[in-house]
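Enquirer: model this:
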Amino acid sequence: MGIGASVPWRDSGTIYEVGSPNIVSCTRLDAQASGGAVLELASLSVTDATIDFSGGVKATLTVSGALRGTATGGVVVDLAASPASVDVDTSGGAVVKHS
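Expert: Prediction:
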């Protein structure tokens, strides 16, 4: 997914687009992004999230339960809250940090 593209997320089988009105929380986030995409999702409270980010993605997430997935190639995942567990495989300078 490139810069400026929408990022769908799934919650109980429904697909929403970032910026959908009145969506402030979801139980599960499955996000894939690459190519320098910027995901500012701090205002979306997520219980569990699975990520697949590569190629310079910068993401801000609020996850309360489990965060898992992969981050490669200069990805920065900034956590606005402390999840109960974090299991993200990182490589190529990718980092997962708490704000």
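
Enquirer: element containing residue 46?
Expert: Using DSSP states H and E, the element containing residue 46 is strand 38-54.

Enquirer: same thing with residue 71?
Expert: For residue 71, the element it lies in under DSSP H and E is strand 66-72.

Enquirer: Specify the angle between that strand and strand 38-54 in degrees.
Expert: Angle, strand 66-72 to strand 38-54, by axes from the mean of the first three to the mean of the last three CA atoms, to 10 degrees: 70 degrees.

Enquirer: State the paired neighbours of strand 66-72 in the sheet, together with their directions.
Expert: In the sheet, strand 66-72 lines up against strand 38-54 (parallel), strand 85-91 (parallel) (DSSP bridges).

Enquirer: Mind listing what's buried along it?
Expert: Using 16 or more other CB atoms under 10 Å as the test for burial, strand 66-72 gives 67-72. Where you see a C-beta, it was placed from the backbone N, CA and C, and this is true even at glycine.

Enquirer: one step back: check the strands paired with strand 66-72 for me: which has the lowest mean pLDDT.
Expert: Mean pLDDT values for the strands paired with strand 66-72 show the minimum at strand 38-54, a mean of 90.

Enquirer: list the buried ones in that strand?
Expert: Applying 16+ other CB under 10 Å to strand 38-54 flags 39, 41, 44-51, 53-54 as buried.

Enquirer: ditto for stretch 87-99
Expert: Judged by neighbour count (16+ other CB under 10 Å), stretch 87-99 contains these buried residues: 88, 90, 94, 96.

Enquirer: now what about that stretch, what contacts it?
Expert: Under the criterion CB atoms under 8 Å, 6 or more residues apart in numbering, residues 51, 53, 60, 66-80, 82, 86 lie in contact with stretch 87-99.

Enquirer: Kindly report the same for stretch 65-84.
Expert: 42, 46-64, 85-99.

Enquirer: Okay then, goodbye and thanks.
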